[in-house]
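structure of the sequence below:
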Amino acid sequence: MSATRIISKRSFQLMNRHSSSMIRNPTSIIRTPTVTITNSPTITHRCLSTSIRKQSNIVKVVFQTGTESITCEGRVGLNLLDIAIDNDIDLEGACGGTLACSTCHLYIDENNFKKLPTPEEEEEDMLDLAFGLAENSRLGCQCVLTKELDGITCTLPEETSDARGM
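A predicted model of the protein is given here:
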């Protein structure tokens, strides 16, 4: 019986970019993207296989982009930046989630914002450099999904700023 390791699309990209000694087998990633477009401006992305989605460690994440609402599913333990990248949401994450920029800045809905842990000082320093900073601002790379965050709604700001000055 073989075990299958599930990794995010971003992790796979970083493995391919930074390591020539790693096995590069894209079939080891379980990713069955399905897009459902209805009459409403809601798009549903499913990035995990059906058998895995049935497990209790999958939560719903809604990304608001202007007038569009995109509903995704993500595994507990991944951060919001990984979920956005895996579902082709236009959230940059220029530093790759290393807390060196503010391009993954998001506005979190009030109910779920209270459920997130208090941001570390490094995150607050990066948020100070973000455009349109608000009381419910967080960096997507620092918001790790938990079961309590099921149904979290994240709004993408209209503009982003790369704190690295690039």
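
quick one: the strands in this protein?
34-37, 42-46, 58-65, 68-75, 105-108, 137-139, 152-155 (DSSP state E).

just send the ones you listed back as a markdown table, with distance to Glu123 and mean pLDDT too.
C-beta coordinates here come from the backbone N, C-alpha and C atoms, glycine included. Putting those into a markdown table (distance: least, Cβ to Cβ, whole Å; pLDDT from 0 to 100) gives the following:
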| stretch | distance to Glu123 | mean pLDDT |
| --- | --- | --- |
| strand 34-37 | 32 | 41 |
| strand 42-46 | 26 | 48 |
| strand 58-65 | 19 | 95 |
| strand 68-75 | 20 | 95 |
| strand 105-108 | 10 | 96 |
| strand 137-139 | 5 | 97 |
| strand 152-155 | 15 | 97 |
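
can you map out the helices along this protein?
Remark: helices assigned in the chain by DSSP state H are 9-18, 50-53, 80-86, 110-113, 121-127.

ok, which of the strands of the chain comes nearest Thr98?
With Cβ to Cβ as the measure, strand 137-139 is the member of the strands of the chain nearest Thr98 (10.8 Å).

direction included, what does that closest one pair up with?
For strand 137-139, the pairing partners within the sheet under DSSP bridges are strand 105-108 (antiparallel).

worst-scoring helix or strand of the protein, pLDDT-wise?
strand 34-37 (a mean of 41; mean pLDDT, DSSP states H and E).

got the strands of the chain as CSV, with distance to Ala130 and mean neighbour count columns?
Rendered in CSV, the data for the strands of the chain read as follows (distance: least, Cβ to Cβ, whole Å; neighbours: other Cβ atoms under 10 Å):
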stretch, distance to Ala130, mean neighbour count
strand 34-37, 30, 10
strand 42-46, 25, 17
strand 58-65, 17, 19
strand 68-75, 21, 19
strand 105-108, 4, 23
strand 137-139, 6, 23
strand 152-155, 13, 22
